[in-house]
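In: Model the following, please.
(2 chains)
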Amino acid sequence: MALRTVTRKLGNKFFPLLSSTSHLHSHATSFGFKEVKEEEKAAMVGNVFSNVASNYDLMNDLMSAGLHRLWKDRLVSKLNPFPGMKHLDVAGGTGDVAFRILERINRVKQRGIQRDFEDILEAETKIYVCDINPNMLNVGKQRALQKDGSLVWVEGNAESLGFQNDSMDGYTIAFGIRNVTHIEKVLSEAHRVLKRGGRFLCLELSHVGIPVFKELYDLYSFSVIPSMGEMVAGDRESYQYLVESIRRFPTQEKFASMIADAGFQKVEYENLVGGVVAVHSGVKI
Amino acid sequence: MYRTAAKRLFSAATHSYHGNLHRLRLRPPHSQIFIPYRCFSTSEDQPFPIPQSPVHPETPLIPDSAPSSSPSPSPDEDPRTRGDKYQDEKSRVLHASLTHVIKLGWTEAALIAGAKDVGLSPSIVGSLPRKEAALVEFFMDDCLQKLIDRIDSDESLKTLTPSECISKLIRIRLEMQAPYISTWPQALSIQAQPVNVPTSFKQRAMLVDEIWHAAGDTASDIDWYAKRTVLAGIYSTTEIYMLTDTSPDFRDTWAFLDARVKDAFDLKKTIQEAQHLAEAVSAGLGNTFQGFVGKVLRR
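Out: Sure thing, here's the model as predicted:
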């Protein structure tokens, strides 16, 4: 026991990158496998996304072989949106998740004009798409030109949202929480803006535990994806950052415990494709 | 046998669930007062079992029944009470939703209306595993609990014969469903969906077990299964008959019920008589055979 704590302390000193116990602290200073200053991380991530914004959707399709659409569908079906809800999609730049939610709500409204359902819900549906990067938001706004006005595009930082307490029915963050500097701040902000009974859902690339599949996935990640980035988007660095940041992110269990620490209840996660992607959810009571 | 095991599990659950119900029935606005009571409950709270869906394996970190110890508890709150809070709120939402069922049916709309009544965001409905089924199962558990209360409090049941007791208990239980009878076919169809069958089967099994136990059953052999199967059959057919019964106060249903119970008991007597007959015949045959063999050997 004492030996373990000693080696842990030594491990922190001599092998910061390899120490598994300092994952939490090191997320704020890790940029993929590189170590950077906390203040610089946000700017560096910003650069990455400014670079990838124009090809973001295309690259998503290529890297996941179109599966990312199914993953986002699963996220939205877990959310179970209802007409009249106020929803916040953070780091939702190009609007994928927001469009899906809107589609689903309109579908429900058309399908079930049930007798007394309508007077119960007089509130107007509003979906706020928040992203720190204006380039990503612009791509989304352009895609939205033909959609209706329930979408509101907001530029903002997930760590300090400009929304009031207890104002949102739902909060989603899809493939975004990996890029923030302080995960705990984002989680507590999420807890703050949600109403009582509101749900937090996070879709994120996560850790694979299945033995053979893990090796194949690592091979695919480190060999294929940066090359694809180079060929299609002309930007190898950004995609190298992408795959490295996935490995640095906390495991499913660790992340779930962080969500619980932020005050959420009924914290659960569901692995998709054996752990390549995980959907974490929690309820604010 | 089943009842004692089930009673241990269920009464542990109802112990805390019971507190819920009393709280809800007697003093709804003062539910906050009873939270300390919940802290002391040492039972696992699981008002209705939620089977894991086989299609999407879901890994609950903090399962409904027991707040796990892996997340570090925040200094002011015990993880156990936090898990209980969600259960409390869920029960409140489901209870409030029941009042909307008559108008809106066993649907998500009723659940959303219930959530709004309680003051929670309707998003919480999304966190229920099988939304409408959760509502139906809550209702079934609620009715079972009321039935148990009635059995425990009503002394006159002990003076009745088994067939009368069973009749009366089924009648009491079905009368609880009477307000919802117009939407009950929908509830039955929800219970019949393959995903929901394990839970609804278990709930009905517990109900039937409870009724037989109250009627004074002490069997522990193959009879136990036969009795419960027969009673489940009587209950289900009466339930379905009730759906199309338009007589005042469901008079026809109770007549149907009495006739079925009588049939079942007659059937039991018939089987016993058939058994005796078979024994007698085989004994007789045995004698004849012995005599025949004896004669042959003496030769």
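In: got the residue ranges for the helices in the stretch 101-250 of chain B?
Out: B:108-118, B:131-153, B:162-177, B:184-192, B:197-214, B:222-243 (DSSP state H, counting those that start in this stretch).
In: Ok, which of these comes nearest A:K214?
Out: Closest approach to A:K214 among these (Cβ to Cβ): helix B:197-214, 33.3 Å. C-beta coordinates here come from the backbone N, C-alpha and C atoms, glycine included.
In: how many other residues sit next to A:Y56?
Out: If you count neighbours by other Cβ atoms under 10 Å in any protein chain shown, A:Y56 ends up with 19.
In: Go ahead and report the secondary structure state at the nearest residue to it once chain neighbours are set aside.
Out: Distance criterion Cβ to Cβ, 6 or more residues apart in numbering or on different chains; nearest residue to A:Y56, sequence neighbours excluded, is A:T94 at 5.7 Å. Recorded secondary structure, A:T94: coil (DSSP: H, G, I helix; E, B strand; the rest coil).
In: pretty sure A:T94 is in contact with A:R143, am I right?
Out: Yes. Proximity of A:T94 to A:R143 meets the contact threshold set by Cβ atoms under 8 Å, at 6.8 Å.
In: and the helices of the stretch 101-250 of chain B as CSV, adding mean pLDDT?
Out: As requested, the helices of the stretch 101-250 of chain B are arranged in CSV below (pLDDT from 0 to 100):
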stretch, mean pLDDT
helix B:108-118, 92
helix B:131-153, 92
helix B:162-177, 91
helix B:184-192, 94
helix B:197-214, 92
helix B:222-243, 89
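In: Highest mean neighbour count out of these?
Out: By mean neighbour count, with neighbours taken as mean count of other Cβ atoms under 10 Å in any protein chain shown, helix B:108-118 ranks first of the helices of the stretch 101-250 of chain B at a mean of 23.
In: Spatially nearest residue to B:A232, not counting backbone neighbours?
Out: With sequence-adjacent residues excluded and distances taken as Cβ to Cβ, 6+ apart, B:A232 is closest to B:V208, at 4.9 Å.
In: what do you get for A:N135?
Out: A:A53 (4.0 Å).
In: what about that neighbour, neighbour count?
Out: 20.
In: try B:E155
Out: B:E155 has 7 nearby residues by other Cβ under 10 Å.
In: Kindly report the same for the one 3 residues further on.
Out: Look at B:K158: counted by other Cβ under 10 Å, it has 10 neighbours.
In: pLDDT wise, what is it at?
Out: Confidence at B:K158, expressed as pLDDT, is 78.
In: Would you map the strands across the stretch 101-250 of chain A?
Out: Along the stretch 101-250 of chain A, counting by DSSP state E, counting those that start in this stretch, strands occupy A:126-131, A:151-155, A:168-174, A:194-205.
In: Please identify which of those strands is closest to chain B.
Out: Closest to chain B of the strands of the stretch 101-250 of chain A is strand A:194-205 (Cβ to the nearest Cβ; 3.0 Å).
In: And that closest one, what does it pack against?
Out: helix A:67-79, strand A:168-174, helix A:183-193, helix A:252-261, strand A:277-283 (3 or more Cβ pairs under 8 Å, 6 or more residues apart in numbering or on different chains; DSSP states H and E).
In: Relative to B:L104, which of the ones you listed is closest?
Out: Minimum separation from B:L104 across the helices and strands packed on strand A:194-205 (Cβ to Cβ) falls at strand A:168-174, 19.6 Å.
In: hmm, back to that, hang on, the residue nearest to B:A232 packs against B:L231?
Out: Yes. B:V208 is within contact range of B:L231, at 4.9 Å (criterion: Cβ under 8 Å).
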